[in-house]
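K.L.:
Next comes the sequence, and after it the predicted model I'd like to discuss.
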Amino acid sequence: DIDFHYLEMGEGPLALCMHGFPDHASSFRHLLPELAKAGFRGVAPFMRGYAPTGAPKDGRYQTALLSQDVLALIGALGYEQAYLIGNDWGATAVSGVAVLGPEKVIKLVTIASGRADEELRNDYHFLKGTWHAYYFQLPSAEATLAQNDFAFIEAWWRDASPEWDIPAEYIESIKGTFRKPGVVAAALGYYRATHNPANQDPALEDVQKRIGAGPITVPTLALHGTRDRPKRIDAFESEAMDRFFTGGLEKSIIPGTGHFMHQEKPGEVNPKIIEFLTR
């Protein structure tokens, strides 16, 4: 019961690109033309709650639903299988699909995503890099994000990608998305569903456990930068991540890039993605 809106380029096998926080479908504005040139139909949806895509009536945003959205989109777009690409929450969504429906996934690409073990999740420096997830549980988070025309959003971008001179017009486009009714609540809903069981659907408990347990059995390319938030690269390089991906995992680190590496250095990131998908 959600109307999804998306950007697309090209014709051919489906390459579905899912964005993260705080972002939108234009996150893949550099990749979509390259996918089209390589013979793919590149599709970048606005994820649930990110206008113009609608918000769920029940207000739920748990990761099981994000993955089910991707599975539903593959069919709704007229395909049996797809190549899946995701950044941040988008990486979480497509990774879940690879667990729930591996027969639907030809290849998987994750951007700025890792897998922290218990020791790392409790590490002081790692927690500094994920502090916003806990702050977003507070009732005051809505006002914080919106203050001074979403100055928080711009600061978050600059903190997550500190070596990138982010184009002013792109920051404005992100703020434009967050100004739309319901988007702030939706974006916070992703974090609140993760850390508060009351915001999860009990009927999806088994699905949620399956996603968490893994493994991922499809061929995967994982990309990460050296300038993402504290200790994030430790989760990327961890044995916990290596064990979770059993279908062949290729890791690639792009020096000097942060959380939005596919936008920061598309000339380096895109060829790696295209080469992997077409191999």
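P.N.:
The structure has been received and is ready for your questions.
K.L.:
count of neighbours near the closest residue to residue 111 other than its chain neighbours?
P.N.:
Spatial nearest neighbour of residue 111, excluding adjacent residues (CB to CB, 6 or more residues apart in numbering): residue 87 at 4.1 Å. Placement of C-beta: from N, CA and C, glycine included. For residue 87, the tally of surrounding residues (other CB atoms under 10 Å) stands at 28.
K.L.:
my guess is residue 87 meets residue 95, correct?
P.N.:
No: contact criterion CB atoms under 8 Å: residue 87 and residue 95 do not qualify, at 11.6 Å.
K.L.:
Mutual contacts of the two, please.
P.N.:
Listed as contacting both residue 87 and residue 95 by CB atoms under 8 Å, 6 or more residues apart in numbering are 110, 113.
K.L.:
Buried ones in stretch 272-279, by neighbour count?
P.N.:
For stretch 272-279, a neighbour-count test (16 or more other CB atoms under 10 Å) marks 272-274, 276-277 as buried.
K.L.:
same question but for stretch 140-156, I mixed them up
P.N.:
141, 144-145, 150, 152-154, 156.
K.L.:
Looking at those, spot the one nearest residue 238.
P.N.:
Nearest to residue 238 among the buried residues of stretch 140-156: residue 156, at 24.2 Å, using CB to CB.
K.L.:
What strand or helix carries that closest one?
P.N.:
Residue 156 is part of helix 141-160, with elements assigned from DSSP states H and E.
K.L.:
what's next to that helix, contact-wise?
P.N.:
Under the criterion CB under 8 Å, 6+ apart, residues 22, 132, 135, 166, 171, 174-175, 178-179, 184-185, 187-188, 228-229, 258-260 lie in contact with helix 141-160.
K.L.:
give me that answer again for 10 Å
P.N.:
Outside helix 141-160, the residues that touch it by CB atoms under 10 Å, 6 or more residues apart in numbering are 21-23, 88, 112, 129, 132, 135-136, 138, 164-166, 168, 170-172, 174-179, 183-185, 187-188, 191-192, 225, 227-229, 232, 258-260, 263.
K.L.:
That one: what's the following helix or strand?
P.N.:
As assigned by DSSP H and E, the chain's next helix or strand after helix 141-160 is helix 168-179.
K.L.:
residues in contact with that next one?
P.N.:
The contact list for helix 168-179 (CB under 10 Å, 6+ apart) reads 22-27, 29, 46, 50-52, 145-146, 149-154, 156-158, 166-167, 183-184, 186-187, 260, 263.
K.L.:
what about the closest residue to residue 113 other than its chain neighbours, how many residues close to it?
P.N.:
Among residues not flanking residue 113 along the chain, residue 91 sits closest, at 3.7 Å (CB to CB, 6+ apart). The burial count assigned to residue 91 is 24, neighbours taken as other CB under 10 Å.
K.L.:
Could you give the secondary structure assignment for residue 91?
P.N.:
helix (DSSP: H, G, I helix; E, B strand; the rest coil).
K.L.:
That one: what's it in contact with?
P.N.:
18-20, 84-85, 108-114, 222-223.
K.L.:
Recalculate using a threshold of 8 Å.
P.N.:
The contact partners of residue 91, by CB under 8 Å, 6+ apart, come to 18, 20, 110-113.
K.L.:
Now go through those and say which are in strands.
P.N.:
18, 110-111 (DSSP state E).
K.L.:
Tell me the most packed of the residues you listed, by neighbour count.
P.N.:
Top of the ones in strands among the contacts of residue 91 by neighbour count (other CB under 10 Å): residue 111, with 32 neighbours.
K.L.:
wait, isn't that one in contact with residue 262?
P.N.:
Yes: if you go by CB under 8 Å, residue 111 and residue 262 touch, sitting 5.4 Å apart.
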